[in-house]
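A.B. asks: The following block contains a protein sequence and its predicted model.
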There are 2 protein chains.
Amino acid sequence: MPIYHAPTKDMQFILHDVLKMSQSDIPGYEDLDRETTQAILEEAGKLSENVLAPLNPVGDAEGCTLENGVVRTPTGFKDAYDQMRAGGWIGLDCDPEYGGQGMPYLMNSAVGEMFVSSNMAFNMYQGLSHGAYNAIHTHGTDAQKATYLPQMVEGSWSGTMNLTEPHCGTDLGLIRTKAEPQDDGSYAITGQKIWISAGEHDLTDNIIHLVLAKIPGGPDGVKGISLFIVPKFLVNADGSLGARNALSCGGLEKKMGIHGNATCVMNYDGAKGFLIGEMHKGMRAMFTMMNEARLGVGLQGYAQGVVAYQNALGFAQERLQGRAVTGAEAPDKPADPIIVHPDVRRNLLHQKSFIEGARAFTFWGASLIDRAHRNSDAQAEGLISLLTPVLKGFLTDKGFETTVLAQQTLGGSGFTREWGLEQFVRDARITMIYEGTNGIQSLDLVGRKLGQDGGKHVMGFFEMVKTFLKENAGQDADFDAQFLDPLKAASKDLQAAGMYFMSEGMKKPNNALSGSYDFMHLFGHVCLGLMWARMGVAARAGLASGDGDAQFYETKLATGRYYMARQLPATALHLARIRTGADTVMELDAAQF
Amino acid sequence: MPIYHAPTKDMQFILHDVLKMSQSDIPGYEDLDRETTQAILEEAGKLSENVLAPLNPVGDAEGCTLENGVVRTPTGFKDAYDQMRAGGWIGLDCDPEYGGQGMPYLMNSAVGEMFVSSNMAFNMYQGLSHGAYNAIHTHGTDAQKATYLPQMVEGSWSGTMNLTEPHCGTDLGLIRTKAEPQDDGSYAITGQKIWISAGEHDLTDNIIHLVLAKIPGGPDGVKGISLFIVPKFLVNADGSLGARNALSCGGLEKKMGIHGNATCVMNYDGAKGFLIGEMHKGMRAMFTMMNEARLGVGLQGYAQGVVAYQNALGFAQERLQGRAVTGAEAPDKPADPIIVHPDVRRNLLHQKSFIEGARAFTFWGASLIDRAHRNSDAQAEGLISLLTPVLKGFLTDKGFETTVLAQQTLGGSGFTREWGLEQFVRDARITMIYEGTNGIQSLDLVGRKLGQDGGKHVMGFFEMVKTFLKENAGQDADFDAQFLDPLKAASKDLQAAGMYFMSEGMKKPNNALSGSYDFMHLFGHVCLGLMWARMGVAARAGLASGDGDAQFYETKLATGRYYMARQLPATALHLARIRTGADTVMELDAAQF
């Protein structure tokens, strides 16, 4: 049975030593001092360690079942969900007007990492609900908000997002689901949606589906898509539940992982739906929620890496095989623990330096979302919009890779169900696919975000790195050489790639698009390099203060040195690939492959 | 349901255009002209496409079951196994003296790729048996050979290898299984072995277990290990089956993949065993079989990539989403097939250029094994010994990566069971672990093979690359720039890494061991670069001859250019990592992680 330890101390380090949360000018941050966030994280940690983690293999083994249109979640999920509700976790960052706790999204992310690490499939039920809440909160009328939000925030109702159809996922312009206007102002929704996470289940009394559909006679393609609220049970004027709507779960997908979450085929057979937001502008409504949703998936990616690493580490510290080449380290035992071997350490440090950098990146991203929303800061909005595909694509690719590396640490045991590592690999795999495949993320990054507002945001990013380097250089030659110089070199590679796209992509767009994936990874490495440099500065300050746990800070510095020396140099490879342009990529005819 | 097409044409290209098989001085090769190998490959292809591939998802879904000590394989496996026997495939490269067909190992590898691509779990039954055959054939007495080999070659009996115990896999010096001498010259074997592939099943009448055990009073550690033949049913003097031996399957492992293969806990309770080879020299007997076994696992790795790629390609050519940025390519359809998008092509070419390079590398490796055995060529023996960890480690890491990339091509469909891609990922995953984890392979490479015979073999490798470059340079400036220059640069990186190990590893062994994994990958890339350069030369010759399929040769050259431009530059990153030495790897105490 795999273990999970809530990484409270590491999170506190990022919130307070790095992001200096309680000194921030973001409204709501000032109340969150070390003691307060410690208390919140400890509570979330207890729930994660004691309730969610033990359920994770149960959910994987049992999966969900569909009988007569009713989906049953695995044993224990309902009880855990009720504990989640009782703790007020579901509405943690929701609007207090509808019963939420009004916390920053940053706190939601920190707590969310724990929930995802301990049980990703379970946490998706409330995760999807949160997306639907956001859509209604942002685009709904006051009446719609009053009708749906209190129960969604409290958790007695949940929500879903219905986009994909059998013939289209990425290219939503092709959707066929119809919404026919009715005399009462509602719409009759007819069509089939697939891969609807939490589309049907037994955790809540009602499920509020948000469905993309086309109103006949509207424009073709994505410009003719509208968004509808389609509740499983219609809601009476007094708020009580009314008739069952004409929608049903037509099947459960058999999947590689996240078995505890019900992935549904949803059939809408003239179901009553209510337009939300403007007619034909449903895509725009979806896009406004996308930064947060994609950051959430990036978080899922590295969070699976976190729990996988913890289990790999435990194994490496206990499993006895062979002797250290420099002489026995546990001479009283038949062999040394495998963590003495350089290649085992390399593997563990690869995992550790990624997940800690990824956490800092995600928390920073969440704080940018808070700044964009709470301070109406357009610069923060532009920056997080640029970074969103990097957060999603890079953190899920590397998060999955981390689970595979962790599995490898266990050798044969990693391949068995018993140790749980293989579940983390299977669960993490979906994060590279859903909420826009990582290829689509790279296209969004290079094709849209890079040139947005005349390239202002990427230039802002470079400016920020430059300022950071200037502010921190020259104080310690070792620190400069180990942290700042590598960051500078990596950032230069990123700029060079951008320049290449500017000059060669202009001539031939495929020169840029052939390098989009490498660019996303290049950018991701620079972001993690920046995070490690910022963590390095914070750790040095912590050491200099004489307060706190000196060994903790030393470990941070050592882990950062690993990232800088052994992971960050990947930027040069990505740049080299980018510079080969479209030639070798576009040469073959489709039939020649 | 996934598809599989036997890649006969690609294999023929390697056998005849690249390796020039029938002109070789290796005994047995001279009979294998194009027509003969075509006939063999076509037959194996039919069996793979029509019988084995359709059974692959069945085996995955059903798995094996254990009831009252009897293991049942999935529906259809027994019938398929009988067809495999009837076709003479099991003894394809076995000694004619015992009923084998005496084919070179190279032909066995080509045919084996098809069997593994179409159904890896199924093919493991005969794969393990082949390993046991080799052990008995190499180390058994004439009487032992006469007793066991004919039935194993014919396939009515199978074999297994029993190494791992619950507390030790990598460090076999720790094994506890005891072999106590009996008055009749046999031994009583007592102990538990785990992860025994094909340890018990219903495909054959008898199972010949080869078991590592310690004879009490022998030397400690690996020097006190002996190897025993322990048949499930004892064999009477007349060759008929006698008493059931005191061994049993105590359980089946629940695994991430290869569900169709029974991974057994084997209990030996004073079972009658017969010493094979010299007392206490069982490890040496194991090692002599290891090159072939490890090459076989490397083959499994890329073979899963082959079938995954085929399915990804089919999807990419058919799935309609979005439009080419340069204008619609299928204007009559609602969208273009996704293969028009540069990032989808990048992904497909990454897969294609790897698997074709890997196939050439594996076939070349197999031909080195043939040369070592059939020509008693010490140089070939030394070279394949050096290359074995690279074949195993690099091809399985990249083979697994290929299955993941292929799965990604399918987006959400790749995550569902229905399309079969996720099974290839799960099945391929084991290849990085068994037959020595890839970390162990890298240790074998850097700690043992590199310096073997005073570094003679690695110097021979560099000499070979140099000669190849010299012989082929200066004929075509484009070819030089696209193929030979990148190979030269990559080979230089490999030499530089070797130099670093020589100078810095001498001072501190951990400087070398911290870079072993990167070195294995660096070496792998150079080998695939060499293969692509050799294939490039062969393709150019094919084009110049005016015979054959010009488009086929053009495609080879284009695929090679992709590898050279976009994969081979990884050598610089591996070298950069290696040069950082042990500092960041060994810095933390075990408790600090």
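C.D. replies: Ah, there it is. Predicted, not measured: the structure shown is a model, and the values here were computed from it. Residues are numbered from 1 along each chain as shown, chains lettered A, B, ... in the order given.
A.B. asks: Please make it C-alpha for all contacts and neighbour counts, starting now.
C.D. replies: OK.
A.B. asks: So residue A:18 is in contact with residue A:533, correct?
C.D. replies: No: using CA atoms under 8 Å, residue A:18 makes no contact with residue A:533, being 10.3 Å away.
A.B. asks: So which of the two has more stuff around it?
C.D. replies: residue A:533 (27 against 19; other CA atoms under 10 Å in any protein chain shown).
A.B. asks: and that one, how far is that from chain B?
C.D. replies: Distance of residue A:533 to chain B, given as CA to the nearest CA, to the nearest Å: 16 Å.
A.B. asks: now swap in residue A:243 and tell me
C.D. replies: 33 Å.
A.B. asks: same deal with residue A:575?
C.D. replies: With CA to the nearest CA as the criterion, residue A:575 and chain B are 10 Å apart.
A.B. asks: next SSE after the helix or strand containing that residue?
C.D. replies: Secondary structure assignment for residue A:575, by DSSP states H and E: helix A:570-578. Later in the chain than helix A:570-578, the nearest helix or strand by DSSP H and E is helix A:583-586.
A.B. asks: helices or strands next to that following helix in the packing?
C.D. replies: helix B:342-374, helix B:550-562 (3 or more CA pairs under 8 Å, 6 or more residues apart in numbering or on different chains; DSSP states H and E).
A.B. asks: Name the residues that touch the helix holding residue A:575?
C.D. replies: Helix A:570-578 has contacts (CA atoms under 8 Å, 6 or more residues apart in numbering or on different chains) with A:490, A:493-494, A:496-497, A:512, A:514-516, A:518-519, A:521-522, A:525-526, B:565-566, B:569-570, B:572-573.
A.B. asks: quick one: it to helix B:570-578, angle?
C.D. replies: Interaxial angle, helix A:570-578 versus helix B:570-578 (axes from the mean of the first three to the mean of the last three CA atoms, to 10 degrees): 170 degrees.
A.B. asks: Now find how far off-centre stretch A:194-209 is within its chain.
C.D. replies: 21 Å (CA atoms, centre = their mean, to the nearest Å).
A.B. asks: ok, back up a step: report the buried residues of the helix holding residue A:575.
C.D. replies: Across helix A:570-578, burial judged by 16 or more other CA atoms under 10 Å in any protein chain shown covers A:570-578.
A.B. asks: now, among those, which is nearest to chain B?
C.D. replies: Of all the buried residues of helix A:570-578, chain B sits closest to residue A:577, with 5.3 Å by CA to the nearest CA.
A.B. asks: any idea how far that closest one is from residue A:507?
C.D. replies: 18 Å (CA to CA, to the nearest Å).
A.B. asks: residues making contact with the lengthiest strand in chain A?
C.D. replies: In terms of residue count, the longest strand belonging to chain A (DSSP state E) is strand A:263-276. For strand A:263-276, contacts defined as CA under 8 Å, 6+ apart pick out A:136, A:139-141, A:179, A:185-200, A:226-231, A:245-253.
A.B. asks: and those residues near chain B, which?
C.D. replies: A:195, A:253 (CA under 8 Å from any CA of the partner chain).
A.B. asks: Please narrow the contacts of strand A:263-276 to those residing in strands.
C.D. replies: Using DSSP E, A:179, A:187-197, A:226-231, A:247-252 are the members of the contacts of strand A:263-276 that sit in strands.
A.B. asks: which of those residues are buried?
C.D. replies: Buried, going by 16+ other CA under 10 Å: A:179, A:187-197, A:226-231, A:247-252, out of those.
A.B. asks: after the longest strand of chain A, next one along is what?
C.D. replies: helix A:282-288.
A.B. asks: And that following helix, what's buried?
C.D. replies: Those would be A:282-286, for helix A:282-288 by 16+ other CA under 10 Å.
A.B. asks: Quick check: the gap between the closest residue to residue A:455 other than its chain neighbours and residue A:282.
C.D. replies: Using CA to CA, 6 or more residues apart in numbering or on different chains and skipping the chain neighbours, the partner closest in space to residue A:455 is residue A:449 (8.0 Å). As judged by CA to CA, residue A:449 and residue A:282 stand 21 Å apart.
A.B. asks: Also residue A:224?
C.D. replies: Taking CA to CA, one finds residue A:224 at 8 Å from residue A:282.
A.B. asks: got it, and residue A:131?
C.D. replies: In terms of CA to CA, residue A:131 sits 14 Å off from residue A:282.
A.B. asks: in the sheet, who's paired with the residue of the stretch 301-450 of chain A found nearest chain B?
C.D. replies: Among the residues of the stretch 301-450 of chain A, residue A:416 lies closest to chain B, at 4.3 Å counting by CA to the nearest CA. Taking DSSP bridges as the rule, residue A:416 bridges to residue B:255.
A.B. asks: give me every residue that touches it.
C.D. replies: A:422, B:253-256 are the contacts of residue A:416 under CA under 8 Å, 6+ apart.
A.B. asks: Counting neighbours, which of those comes out on top?
C.D. replies: Most surrounded of those: other CA under 10 Å gives residue A:422, at 27 neighbours.
A.B. asks: Which phi and psi values does the residue of chain A most remote from its centre adopt?
C.D. replies: Residue distances from the centre of chain A (CA atoms, centre = their mean) peak at residue A:332, which lies 44.9 Å from the mean C-alpha position. Listed backbone geometry of residue A:332 is phi -80, psi -10, with angles given as degrees, to the nearest 10.
A.B. asks: Tell me how many other residues crowd whichever residue of the stretch 51-200 of chain A sits closest to chain B.
C.D. replies: Per CA to the nearest CA, residue A:171 is where the stretch 51-200 of chain A lies closest to chain B, at 5.3 Å. Around residue A:171 there are 17 other residues, counting by other CA under 10 Å.
A.B. asks: thought it was touching residue B:322?
C.D. replies: Yes: with contacts counted by CA under 8 Å, residue A:171 reaches residue B:322, the gap being 5.6 Å.
A.B. asks: intersection of neighbour lists for these two?
C.D. replies: Going by CA under 8 Å, 6+ apart, no residue sits against residue A:171 while also sitting against residue B:322.
A.B. asks: Report the separation between residue A:378 and residue B:552.
C.D. replies: 54 Å.
A.B. asks: Enumerate every residue touching residue A:194.
C.D. replies: A:162-166, A:263-266.
A.B. asks: Near residue A:22, how many other residues are there?
C.D. replies: 18.
A.B. asks: Now for chain A, the helix or strand with the poorest mean pLDDT.
C.D. replies: Of all helical and strand segments in chain A, the minimum by mean pLDDT, DSSP states H and E falls on helix A:282-288, at a mean of 83.
A.B. asks: Give me the contacts around it.
C.D. replies: For helix A:282-288, using CA under 8 Å, 6+ apart, the contacting residues are A:135, A:139, A:212, A:222-223, A:225-227, A:277.
A.B. asks: quick check, nearest of those residues to residue A:341?
C.D. replies: residue A:135 (50.6 Å; CA to CA).
A.B. asks: shaky segments in chain A?
C.D. replies: By pLDDT under 70, chain A has no low-scoring segment.
A.B. asks: got the domain boundaries for it?
C.D. replies: A:8-288, A:289-436, A:438-583 (automatic domain parsing).
A.B. asks: Mind putting the ones you listed into CSV with distance to residue B:344?
C.D. replies: Listed next are the domains of chain A as CSV, based on distance: least, CA to CA, whole Å:
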stretch, distance to residue B:344
domain A:8-288, 13
domain A:289-436, 14
domain A:438-583, 8
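A.B. asks: So which of those is the most surrounded?
C.D. replies: Neighbour counts (mean count of other CA atoms under 10 Å in any protein chain shown) averaged over each of the domains of chain A peak at domain A:289-436, with a mean of 23.
A.B. asks: Ends of that one, what's the gap?
C.D. replies: End-to-end distance of domain A:289-436: 13 Å, with CA to CA as the criterion.
A.B. asks: can you give me how far that domain is from the chain middle?
C.D. replies: 12 Å.
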